[in-house]
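1. fold the following and give me the result.
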Amino acid sequence: MKVRILSSALFLMMILGGFVQKSHAQVKVSDPYLVLNAHANDALFTTYAASKDRSRFFADKAYFMDYFSPSKPITYSSQFAGDWSVIWKVNNVVISRIRDFAVKPEVVASFPDMAILKYEPFAGLKVQETFFVYSSGVAMISMHITNNADREYDFNLYPAIHATSDSLKIVSFDSTANGYVFSHYEPMRRPISNLYPGYGYPTHFRDLLASNKKLSSYGGYQGATIQDFYYDIKRMSKVHSYVKRMNEKKQGPVQILALQNDFHLNPGQSADVRFVRGVQDESKNIKSLKIDVNGALNANIQQYVDNDVSLFKSIPRIKFPKRDQKMVYIGALNLVRQCLLPPRAKTKYNYYVFSRNPIWGWANGHQVMHESLSMIPYSYLDPKSAEQSQRIYINQQYPDGLIAYRVGPRGPQVYPHKGKATTSAPFFSWTNWEIYRNSHDKQFLSDAYKAGGKYIDYLEKERDKDHDGMFEWGPYGIIENVRDAWNVVFQLFSEGQDEGRDISNQLDDLDLTCQVANEVFYLQKMANVLGDRKGEQKWSAEHDTLKKMINKFMWDPKTKFYYHISMADNSFTFEGKSLKRKELIGFLPMWAHVATKEHAKDLVEELQNPKSFWRKYGIPSLAANDPNYSPFVDGCCRWNGPVWLLWNYMVFNGLQNYGYHELAHKVAGKMMLAVSTQLKKNHHFWESYSPDYPVQESPPNYIWDSIMAKVLIETYGKQ
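-> Residues are numbered from 1 along each chain as shown. Presented below is the predicted three-dimensional model:
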């Protein structure tokens, strides 16, 4: 017993008093399908976040990897937390820019939490670099370096943090931790939407930058760019002096701080080194940060690589005709996986946020049904996790069938407006059916079927005020309809200048009526599988009724298109203004299996008109020949032109429903072009895309772009 107590005490002393050091070998990816070998101009998604099992909601750090900018070193950035790079100095030659590398970086493999690269900073120095987000608080750069040259090399490595803000401050050099303790500040104000005060988001952070090798030196400096650090480690003069030590600054404000490790390699020799950055809420105890950092310094990365490989074992192994398609396929699955977080607070199931990096207010507001369409592609990767996410809706459903606009750890959020609770666009049963097709879990299907039926009962009671079998949005329709700003009809009187007056609860809405029809269609399928013959007949009859109503009242034979209608008189006019505005939702009747074959033929003709919907980068949310059309994406929530991939997928899906497979393939090609163009340029996914131009601004790394994996499976997986 005494021996055990002594061992535990010794272990704690080793963690807190002096970090344990291990050697780390090169890692291997055992599945050839997951080897990408991506270069700078490939369509690679390069944001990384900790696995959901090692993640937390607050003080969560994910990173964007820039391996492609010639004027920078390989850089890992986290929003407001600074840039992290390793600068090389080989035989006194400083290599601080990718353009100076002897062999440029190549990404061997890319997973939700990890990237494996290879490159040569100097001729003959071969490097395998693994960037791994070990937890929400800790990330690492692990290097395996081999001298393949015919001469010996002396070189220095400088892992450096750079931030242009005034918030970076050295607290101390901690010799026991083999690194720098420092702090930084992050504002609640965000470019897209601010974080919510009072919800627990930290603003003051404690950081630790450490190495698993004994340091030669360390230092802190001022510098507007990381390239300014060059002079601090080089000191250019008439004679290039070899700077052996840094300034070893112990405290105070800086813009750049770095560690120094020295190496000597003879021909054929190898070395391993690992650098770790830890981040925590400054109010927490530093001991927990040191334990987390030490865990990363000594982690068996190969084990985590193998775990990532195993995660992908169930996905369809598609032989894509083009390289970009596979990059987008893997990237889309990485995107959705890294948005998942473990259970907490009011839910016992895993849930998602819209983005891990960058973090903004409403992206951290928990689940909404239209974002949950991302669980459809995710179910190919991890169907049980996708089921868990959907079970939050089931568990937080109200007794009357209401599913709140948002669900998650804070519980259901209904945003009451004019005395009415707010729900969301009903994509619930469709999503659940698609997940079941991959999970084959009948208990989940049974639970989802019951909840889905209750939800339709709620909508029939609360979203059909005139009881005519067609549906209108609630009083807070501007968010409920999820096409929530710059919408040509729902903000009909805005004249394109602002969100304007929301009239969606005064119309029989085409989109909601089609969505209910689609839900009923999949409830019928569920009933069939579950042996509920009475339910199957009920849902079949309801779908037939909705089909008749949509085609009788919402189809215009003159313009051969579907529109909203006025609830007052079922006309295409509201307060003297025409509701005949050709929006993407006019194609939803094909998706919902309610369009007639004749109407579908007319819709297909309109779809292929380059003056309206057949644009370069996808199907716009509003026809290009509408006076309110705008192809310029200058922010979030634009529905008067921008391409939204989820809704393009509904068009794609509708074409398949009616046998237009070749045309669906072409729509998929446009979606691929939009996504791959951006990934090649900036290596991000985006909330929406310009239909006409490659330049745009919208919220980055949005979870629902993961639908591209489903598009690619449907397009190429069946061949």
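2. for residue 407, what are its contacts?
-> For residue 407, the contacting residues are 347, 351, 366-367, 392-393, 396, 413, by C-beta atoms under 8 Å, 6 or more residues apart in numbering. Backbone N, C-alpha and C define where each C-beta goes, glycine included.
3. restricted to helices, list those residues.
-> Judged by DSSP state H, the contacts of residue 407 include 392-393 as members of helices.
4. where is pLDDT lowest across the contacts of residue 407?
-> Among the contacts of residue 407, residue 366 has the lowest pLDDT, at 89.
5. ok, for that one, nearest residue in space, not its chain neighbours?
-> residue 408 (2.7 Å; C-beta to C-beta, 6 or more residues apart in numbering).
6. go ahead and confirm that neighbour touches residue 368.
-> No - using C-beta atoms under 8 Å, residue 408 makes no contact with residue 368, being 9.5 Å away.
7. which of the two has more neighbours?
-> residue 408 (27 against 24; other C-beta atoms under 10 Å).
8. ok, back up a step: closest to residue 619 among the contacts of residue 407?
-> When the contacts of residue 407 are compared for distance to residue 619 (C-beta to C-beta), residue 367 wins out at 26.1 Å.
9. now for that closest one: which residues touch it?
-> By C-beta under 8 Å, 6+ apart, the contact list for residue 367 reads 351-352, 389, 392-393, 406-408.
10. domain assignment for the protein?
-> Using automatic domain parsing, the domain parsing of the chain gives 23-311, 344-462, 477-592, 608-719.
11. in stretch 540-557, what's buried?
-> 540, 542-543, 546-547, 549-551, 553-555 (16 or more other C-beta atoms under 10 Å).
12. how many residues are close by residue 142?
-> Neighbour count of residue 142, defined by other C-beta under 10 Å: 24.
13. identify the bridge partners of it.
-> With DSSP bridges applied, residue 142 shows beta-bridge pairing to residue 130, residue 274.
14. returning to that earlier point: out of the contacts of residue 407, who's nearest residue 468?
-> Of those, the one sitting nearest to residue 468 (C-beta to C-beta) turns out to be residue 393, at 27.9 Å.
15. quick one on the thing from earlier: which one of the contacts of residue 367 is nearest residue 699?
-> Out of the contacts of residue 367, the member with the shortest distance to residue 699 (by C-beta to C-beta) is residue 352, at 14.9 Å.
16. in the stretch 251-400 of the chain, which spans are helices?
-> Using DSSP state H, counting those that start in this stretch, the helices of the stretch 251-400 of the chain run over residues 286-297, 301-311, 323-338, 375-381, 383-395.
17. so what touches the second one?
-> Outside of helix 301-311, the residues that reach it under the criterion C-beta under 8 Å, 6+ apart are 24-25, 27-31, 34, 51, 109, 111-114, 116, 130, 132, 142, 337, 381-382.
18. at 6 Å instead, please
-> Helix 301-311 has contacts (C-beta atoms under 6 Å, 6 or more residues apart in numbering) with 27, 30-31, 111, 130, 142.
19. flag every buried residue along it.
-> For helix 301-311, burial by neighbour count (16+ other C-beta under 10 Å) applies to 301-302, 304-306, 308-309, 311.
20. residues near residue 40, how many?
-> With neighbours defined by other C-beta under 10 Å, the count for residue 40 comes to 17.
21. what about it, which SS state?
-> coil (DSSP: H, G, I helix; E, B strand; the rest coil).
22. unless I'm mixing things up, it is touching residue 68, no?
-> Yes - with contact defined as C-beta atoms under 6 Å, residue 40 reaches residue 68; the gap is 3.7 Å.
23. look up how far residue 62 lies from residue 359.
-> Applying C-beta to C-beta, to the nearest Å, the value for residue 359 to residue 62 is 8 Å.
24. where does this structure dip in pLDDT?
-> 1-24, 236-241, 492-500, 719 (pLDDT under 70).
25. switch to 80 and redo it
-> 1-25, 165-166, 235-242, 484-486, 491-501, 718-719 (pLDDT under 80).
26. residue 35: how many residues sit nearby?
-> Here the count is done by other C-beta under 10 Å, and residue 35 has 14 residues near it.
27. cool, residue 314 as well?
-> 12.
28. just give the closest residue to residue 668, not the sequence neighbours.
-> Residue 668's closest residue in space is residue 715 (C-beta to C-beta, 6+ apart), at 4.5 Å.
29. just the buried residues of stretch 540-557: which are in strands?
-> residue 555 (DSSP state E).
30. for the buried residues of stretch 540-557, which one is nearest residue 688?
-> Nearest member of the buried residues of stretch 540-557 to residue 688, counting by C-beta to C-beta, is residue 554, at 25.5 Å.
31. quick one, what contacts the closest one?
-> So residue 554 contacts 510, 562, 565 (C-beta under 6 Å, 6+ apart).
32. next step: these restricted to strands.
-> Judged by DSSP E, the subset of the contacts of residue 554 located in strands is 562, 565.
33. mind putting the contacts of residue 554 in CSV, distance to residue 421 and neighbour count included?
-> Shown next, in CSV, are these (distance: C-beta to C-beta, whole Å; neighbours: other C-beta atoms under 10 Å):
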residue, distance to residue 421, neighbour count
510, 23, 25
562, 28, 29
565, 25, 22
